[in-house]
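The following comprises the amino acid sequence and a computationally predicted model.
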Amino acid sequence: MIATAELIARRFERFDREGFAILDHVLSPDQVAELLEATRTYAMGEHDGRLDRRGEVYGGRDLLWRVAEVRRLARSASLMTIVEPILGPGAFAVRGLFFDKTPSANWNLPWHQDRTIAVRRRLDVPGFGPWTLKGGIAHALAPAELLARMVTVRLHLDDCGPESGPMRVLPGSHAAGQVDPGAIATWSARAGSMAVDCLVPAGGAVIMRPLLLHASASGTGQGHRRVIHLEYAAEELPGGLEWYTADSD
């Protein structure tokens, strides 16, 4: 029998190589139920963080500040035991997003990288920008060197099968660093043979590097695909920039 430490080492060696991993049973059924209720309450509220289309909420920003259950989860031992072997013991959550793909709030995304971070206020620091304002929060494209030292945990609150419009990833693409649009087209041409659909049970998670190329198709089923998306870093930002994170419990 392979020792637990060796199994963990093999898992993270593969994560480093492929840029993602799918984990089952990260959340208990009780945690999933609590988060479903918390995100339902969040979606019913009137606030700038909500993303809605024709009155139906399909996502939201700023979960670390607005949803106490998500804030506690982001700091919990169950998630830190996943994040700290990758980023080190100083890791902390820097952004929380919520997505709910349904038949009436449906979407697809082309191949892309997650290059945007949220900060407390805009400062003109080399390497950061262009800038946008989303829900009253300053966002900027970040340098690839910073993004390469971050990790994302996508927690699934519903079973995500082929009909759910799952995220697709191109293993190993994160190693290319920041990919320009022309190169993304080259990578995506390989998608037929390389792409992996992230099929995840309720309570499971996808762990990924932000620079991993990923996409998703529209869902074809009748259910929800609810995901809590948490981003982690282990360093402060340069030039006086500050992560947009909550200070209170």
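That came through fine. Not measured: the values here are computed from a predicted model.

give me every residue that touches His112.
Neighbouring residues of His112 by CB atoms under 8 Å, 6 or more residues apart in numbering: Ile184, Leu213, His214, Ala215. In this view, the C-beta of every residue, glycine as well, is placed from N, C-alpha and C.

what bridges to it?
His214 (DSSP bridges).

Pull up the per-residue confidence for it.
pLDDT recorded at His112 is 94.

got a list of what the nearest residue in space to Gly239 that is not next to it in sequence touches?
In space, and not counting its chain neighbours, Gly239 is closest to Val125: 3.5 Å by CB to CB, 6 or more residues apart in numbering. Residues near Val125 by CB under 8 Å, 6+ apart: Leu237, Pro238, Gly239, Gly240, Leu241.

what sits against the nearest residue to the fourth one once chain neighbours are set aside?
Looking back up the chat, that one is Gly240. The spatially closest residue to Gly240, leaving aside those adjacent along the chain, is Leu123, at 5.4 Å (CB to CB, 6+ apart). Applying CB under 8 Å, 6+ apart to Leu123 gives the contacts Gly239, Gly240, Leu241.

Drop anything exposed from these.
Buried members of those, scored by 16 or more other CB atoms under 10 Å, are Leu241.

any idea which of the contacts of Leu123 is closest to Gly60?
Distance to Gly60, by CB to CB, is smallest for Leu241 among the contacts of Leu123, at 23.3 Å.

May I ask you to confirm that the closest one is in contact with Gly129?
No: contact status for Leu241 versus Gly129: not in contact, 10.9 Å apart, counting by CB atoms under 8 Å.

Next, the residue nearest to Gly240: phi, psi?
phi -140, psi 140 (degrees, to the nearest 10).

wait, is Leu35 part of a helix?
Yes: the assignment for Leu35 by DSSP: H, G, I helix; E, B strand; the rest coil puts it in a helix.

ok, now which ones touch it?
By CB under 8 Å, 6+ apart, the neighbours of Leu35 are Leu27, Glu69, Val70, Leu73, Leu155, Leu157, Ile228.

now, which of the residues you listed lie within strands?
Among the contacts of Leu35, DSSP state E puts Leu155, Ile228 in strands.

Can you point out the helix or strand that includes the residue nearest to Gly239?
For Val125, there is no helix or strand it lies in under DSSP states H and E.

Before we move on, what's the pLDDT of it?
97.

how close does it get to Leu146?
Distance, Val125 to Leu146, by CB to CB, to the nearest Å: 11 Å.
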